[in-house]
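# got a structure for you, letters missing:
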């Protein structure tokens, strides 16, 4: 069952909650805040939350998104959960690599790959 907001779609597949975007650019503060709020909500709903952030429809992100990913990764780890990322285009992959988040986050090429690894 999927739940929608103006920019964020959350879908549960098995034990994993997938956060997807209905916009190609996640740059506005309201969108970054909405993403953070969704992940925080999901972290509170399960004993060992597993969250996958799917950037498959996203072309560009702000640096604030990177900060949220790092912070939410730590929050989920503290609860015994995990945060995965998938669907990064070449540009986003390079940004994540340059800032070093590829050493912190588990990155999968596709949602299917991520779900197989996380479930």
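Noted; the coordinates are in hand. This is a predicted model, so every value here is computed, not measured.
# Number of residues surrounding residue 86?
Residue 86: 22 surrounding residues under other Cβ atoms under 10 Å. Any C-beta I mention is one placed from the backbone N, CA and C, and that applies to glycine too.
# Residue 109 contacts residue 84, correct?
No - using Cβ atoms under 8 Å, residue 109 makes no contact with residue 84, being 11.3 Å away.
# okay, those two: which has more neighbours?
The neighbour count for residue 109 versus residue 84, taken as other Cβ under 10 Å, is higher for residue 84 (23 against 11).
# can you confirm that one is in a strand?
Yes - residue state for residue 84 (DSSP: H, G, I helix; E, B strand; the rest coil) corresponds to a strand.
# Would you mind measuring from it to residue 29?
25 Å (Cβ to Cβ, to the nearest Å).
# Any stretches of this structure with poor pLDDT?
1-6 (pLDDT under 70).
# Specify the beta-bridge partners of residue 11.
Residue 11 has these beta-bridge partners by DSSP bridges: residue 2, residue 18.
# That one - how many residues pack around it?
Residue 11: 16 neighbours (other Cβ under 10 Å).
# pretty sure it contacts residue 51?
No - contact criterion Cβ under 8 Å: residue 11 and residue 51 do not qualify, at 11.3 Å.
# Common neighbours of those two, please.
Common contacts of residue 11 and residue 51 (Cβ atoms under 8 Å, 6 or more residues apart in numbering): 17, 18.
# Touching, residue 99 and residue 66? I think so.
Yes - the pair residue 99 and residue 66 qualifies as a contact (Cβ under 8 Å) at a distance of 5.7 Å.
# Who has more neighbours out of these two?
Counting neighbours by other Cβ under 10 Å for residue 99 and for residue 66 shows that residue 66 has the greater number, 19 against 15.
# For the spatially most central residue of the chain, grab phi and psi.
When Cα atoms, centre = their mean is applied to the chain, the residue found nearest the centroid is residue 53 (2.2 Å). Per-residue torsions, residue 53: phi -100, psi 110 (degrees, to the nearest 10).
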